[in-house]
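Asker: Just the structure for this:
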Amino acid sequence: MPEFTHIEGDAVRMVDISAKGETARRATAAGWIQLRPTTLAAIADGTVVKGNVLATARVAAILAVKETARIIPMCHPIPVGAVRVGFEELDDRIEARVEVVTTGRTGVEMEALVGVSVALLTIWDMVKSAEKDEGGQYPVTRIGDVRVVEKVKVDAEGQA
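Answerer: Below you'll find the model as predicted:
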């Protein structure tokens, strides 16, 4: 049976990281949102009524990364050194990628995952009026494949 670091008996707990040394850490998460071709064209052309979709999603991702410890109960607040947010516009979707960098005692996977999730949700929010069908449903719109793409921890000698 796997060991869960946040569970002790019948209770959940925040893992004690106070004895761990500080190391450089980086994590990248990605995911995608599938949209109608007309919505994708409006994003590319900059004609979405609510404004610049990807610029807004970028800011939302950065804010979400910085607030992760307030959203995920057992996450430690960490000093965020850098956040990089990128988007790739494909034929039927937009791929979002969020990289988070820190020097600290714990990793930044959750921050990257929260950042990419909020970026994708922000895109949905900004284009939802164009994505609804006559019944107010979203037959095409999907968020998927949210995942950690890479996690790197560099030791004192600079080795990953």
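
Asker: From Arg93, how far off is Pro79?
Answerer: 33 Å (CB to CB, to the nearest Å). All C-beta spots, glycine's among them, are computed from the backbone N, C-alpha and C.

Asker: Can you verify my assumption that Gly81 contacts Thr103?
Answerer: Yes - counting by CB atoms under 8 Å, Gly81 touches Thr103, with 6.2 Å between them.

Asker: Find residues that contact each of these two.
Answerer: In the contact map built from CB atoms under 8 Å, 6 or more residues apart in numbering, no residue is linked to both Gly81 and Thr103.

Asker: Contact partners for Trp32?
Answerer: By CB under 8 Å, 6+ apart, the contact list for Trp32 reads Leu90, Arg93, Ile94, Glu95, Ala96, Leu120, Ile143, Gly144, Asp145.

Asker: What's the PyMOL syntax to select whichever of those are buried?
Answerer: Restricted to buried positions by 16 or more other CB atoms under 10 Å, the PyMOL selection for the contacts of Trp32 reads:
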select buried, resi 93+94+95+96+120+143
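
Asker: out of the contacts of Trp32, which are inside helices?
Answerer: With helices taken from DSSP state H, the overlap with those comprises Leu120.

Asker: In strands, which of the contacts of Trp32 fall?
Answerer: Arg93, Ile94, Glu95, Ala96, Ile143, Gly144, Asp145 (DSSP state E).

Asker: Ile71 and Ala96, how far apart?
Answerer: For Ile71, the distance to Ala96 (CB to CB) stands at 18 Å.

Asker: Quickly name whichever of the ones in strands among the contacts of Trp32 is closest to Asp45.
Answerer: Nearest to Asp45 among the ones in strands among the contacts of Trp32, counting by CB to CB, is Ile94 at 14.0 Å.
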